[in-house]
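Chemist: what would the 3D arrangement of this be:
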Amino acid sequence: MAPAGLVTPDIWKSNSTPSLVPHRVPLAACCQCSHFLIVAVVLLTAFSGCASTRTTFDLEYIPPPPSTAHAVHLKSFNSLGELVPRRGSWVEVFRGRPVSPYVSTPAGIAYRDNHLYICDTGLDTVHNWDLARGRAERIKLTGKDAPSHPVDVAVDELGMLYIADSERGEIIATDASGSSVRHFEPPNREAYKPVAVALHGDTLYAADIASHTVDVFATDTGSLTASIGVLGSKLGMFYYPMGVAADADGRVYVADMMNSRVQVFGPQQVFQMSMGQPGDRYGDMGKPKHLDVGPDGTIFIADSQFAHIHLFSQQGHLLMLLGGPESKIGSTPMPVGVAIAPSLPERLASLVPPDFDAHYYLFTTNTVGPNRINLFAIGLSR
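Modeler: Residues are numbered from 1 along each chain as shown. A predicted model of the protein is given here:
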C-alpha cells in the first residue's frame, strides 16, 4: 500500500492537520466573439478535419486549506500547445499537419533557460521545447548518432546535452543542432546501460544498472575519473541505481531503486547519509527513480511503485508527497522524470494563483495516464 499524507518538520510546518485530499478551485473564462470570428472558426474546423475545444482546468493546493500550501498544481499536458497555446499558420491548418508537438512516452527531463528537454522512449527522440516562444524541435541526431532508447538528459550552461541511451549503451553529448557529437562510456566494461545523468560544473555523473555503479566523467576530456558503489545492499552499495542528481554544493544523490532508498555522497564521492527504506510508512520508499534538488535543498524523488513524488529535506526528513495514483488533476500514476525550473517565462508564471508565492517550479513525467507531464509551483500560500 502506498503511503499518503504529509509530515511537516522544519520550515514546512502547516497550520492545521495536513492531508493530501486535493483542493480544487475551478477557473472560469469567458470570451466574446464576433460573428465573423465564429464563422472563421467553423470554417477552419471544417477544412482541417478536427474539432477544437476549450480546455478548463483546476488548481490543486497541496496540502489543501486551511493548511498552508507548499505546492500548487498548475497544468497537466501531453503537448506543447496544451502548455503554451500557439496559433497554427494557415498552411499548417490546410495541410492537416499537427500544430502542437506532443510526447508519446516521456521519461527523463531537464530544464534550462526556458527550454524543457524531454526524453521520449515511445518516439526514441529528445524533444526541445522553447517555452518562451512556444516552439519545438527534436534533437537533430541521425545515422550512427541517432538515439535508440533515450531515457534521461542533462544540459549544461552552454546548452550541451548529455543523453543517457540504455539501448546504445552510451551517453551521447551533443548541442541542440546535432553538429557537435561526442560519446561517453567506461572503458573495458563488458556491459553498460546508463539510465540517468546529472551535471555539476565540468563533472558528469551517470547511473549504470549493468554494473550497479555511478560513473564520474570529466566533460572536457570524456575520461572516466571515478566510479561510486558496487552491487549490494550495504550503505555505499547499489542495487539498480535508477536516478542521479547533484546539488549546487556538489553533493550527489543516487536513487537506489531495489534497495528502496536514496543515498547521498559528498563532493569527493564519500558516503554521507541514506534516506528512505522499504515499507509503507511515511518516509518509506517503493521504487525510486529519477530525482532532482531544488534551490532550497529540497530533494524531489519520483517513486514509480508508490505513485508519488517524495519531498525530503537535506536532513533526510520527509516533508510531503505530491501526486498520487488516482485519475485526477496532478496525479502521478507511474512517475519517472523530475526537473526543477528556477523560473518560468511570464505567460507560464502567470498561471500561479495570486494567493500563492512561487519560489520555483517542478516538472514531472509519467509513463502512463491521460496526462503525462505535470507542472507544479513550489512555495507558500499566503
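
Chemist: low-confidence stretches in this structure?
Modeler: For the chain, applying pLDDT under 70 flags the ranges 1-58, 86-100.

Chemist: what residue is smack in the middle of it?
Modeler: Nearest to the geometric centre of the chain sits V338, at 2.5 Å (C-alpha atoms, centre = their mean).

Chemist: what residues are bridge-paired with it?
Modeler: Applying DSSP bridges to V338 gives these bridge partners: T364.

Chemist: how close does it get to D220?
Modeler: Applying C-beta to C-beta, to the nearest Å, the value for V338 to D220 is 28 Å. Just so you know, the C-beta spots here come from the backbone N, C-alpha and C atoms, and that holds for glycine as well.

Chemist: what do you get for M257?
Modeler: For M257 relative to D220 (C-beta to C-beta), the value is 31 Å.

Chemist: ok, the two, which is more surrounded?
Modeler: Neighbours per residue, other C-beta atoms under 10 Å: of M257 and D220, the larger number sits with M257, 25 against 8.

Chemist: go through stretch 311-326 and flag the buried ones.
Modeler: 311-314, 317-324 (16 or more other C-beta atoms under 10 Å).

Chemist: so which of those residues are in strands?
Modeler: 311-312, 318-322 (DSSP state E).

Chemist: got TSV for those residues, with distance to P66 too?
Modeler: As requested, those are exported to TSV (distance: C-beta to C-beta, whole Å):
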residue	distance to P66
L311	21
F312	25
L318	22
L319	19
M320	16
L321	19
L322	19
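
Chemist: ok, back up a step: save the buried residues of stretch 311-326 as a markdown table, and put in distance to T213 too.
Modeler: Shown next, in a markdown table, are the buried residues of stretch 311-326 (distance: C-beta to C-beta, whole Å):
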| residue | distance to T213 |
| --- | --- |
| L311 | 27 |
| F312 | 23 |
| S313 | 27 |
| Q314 | 24 |
| H317 | 28 |
| L318 | 27 |
| L319 | 29 |
| M320 | 31 |
| L321 | 30 |
| L322 | 30 |
| G323 | 30 |
| G324 | 33 |
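
Chemist: out of the ones in strands among the buried residues of stretch 311-326, who's nearest L141?
Modeler: Of all these, L141 sits closest to L322, with 32.8 Å by C-beta to C-beta.

Chemist: strands of the stretch 1-150 of the chain, residue ranges please.
Modeler: Assigned by DSSP state E, counting those that start in this stretch, the stretch 1-150 of the chain shows strands spanning 23-26, 58-62, 71-77, 106-112, 115-120, 125-130, 135-138, 150-155.
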